[in-house]
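Asks: starting from these lines, generate the structure:
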Amino acid sequence: MYPINEDNFLDLLSSSDGVITNAGFTTTSEALFLKKPLFVIPMKGQIEQIYNSVSLEKIGVKVSKKFSIEQLDEIDLWLNNLKEVKINFENNTKELVDQIALDFIKLKHKENLSINII
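Replies: Predicted coordinates for the structure are as follows:
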């Protein structure tokens, strides 16, 4: 166990062989981006984690419904058969920046038109 520290967390995450986490968005996304095998357990009563776990399972992430002593064999099996989930993260940076710029220009143009009309 380590104290909470973002730098330590990122170092440990990037050097890990796999990640066991809840089904929240941030750690699961980071693990997938880093091509880390992933085992998720959605937090009870958190509907967004249920939705995330369903989506993650569809792409090949190992999902367990709960964390208990009965899941130790399941976790051990996963640890001994780590498999990366391959996702093609497209680089749409240019298109995103272009769209943001166009939206900004349209907004400013609309603001100028409405000011001139008044």
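Asks: now K44: closest residue in space that isn't a chain neighbour?
Replies: Excluding its sequence neighbours, the residue lying closest to K44 (CB to CB, 6 or more residues apart in numbering) is K66, at 7.2 Å. All C-beta spots, glycine's among them, are computed from the backbone N, C-alpha and C.
Asks: the one you found against I41, yeah?
Replies: Yes. With contact defined as CB atoms under 8 Å, K66 counts as touching I41 (6.6 Å).
Asks: tell me which element I75 is part of?
Replies: For I75, the host element (DSSP states H and E) is helix 72-80.
Asks: what's downstream of that helix, the next helix or strand?
Replies: helix 93-117.
Asks: and the helix or strand of the chain with the lowest mean pLDDT, how far out from the chain's middle?
Replies: Within the chain, no helix or strand scores below helix 93-117, which has a mean of 77 by mean pLDDT, DSSP states H and E. Here helix 93-117 shows a centroid-to-chain-centroid distance of 30 Å under the convention CA atoms, centre = their mean, to the nearest Å.
Asks: show me what counts as buried in the helix or strand that contains E48.
Replies: If you go by DSSP H and E, E48 is part of helix 47-58. Buried positions in helix 47-58, judged by neighbour count with 16 or more other CB atoms under 10 Å: Q49, N52, S53, L56.
Asks: can you put these in JSON lines and add distance to L102 and pLDDT?
Replies: Shown next, in JSON lines, are the buried residues of helix 47-58 (distance: CB to CB, whole Å; pLDDT from 0 to 100):
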{"residue": "Q49", "distance to L102": "35", "pLDDT": "93"}
{"residue": "N52", "distance to L102": "32", "pLDDT": "93"}
{"residue": "S53", "distance to L102": "36", "pLDDT": "94"}
{"residue": "L56", "distance to L102": "33", "pLDDT": "94"}
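Asks: kindly reformat the residues you listed as TSV containing distance to E111.
Replies: As requested, the buried residues of helix 47-58 are exported to TSV (distance: CB to CB, whole Å):
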residue	distance to E111
Q49	41
N52	38
S53	43
L56	42
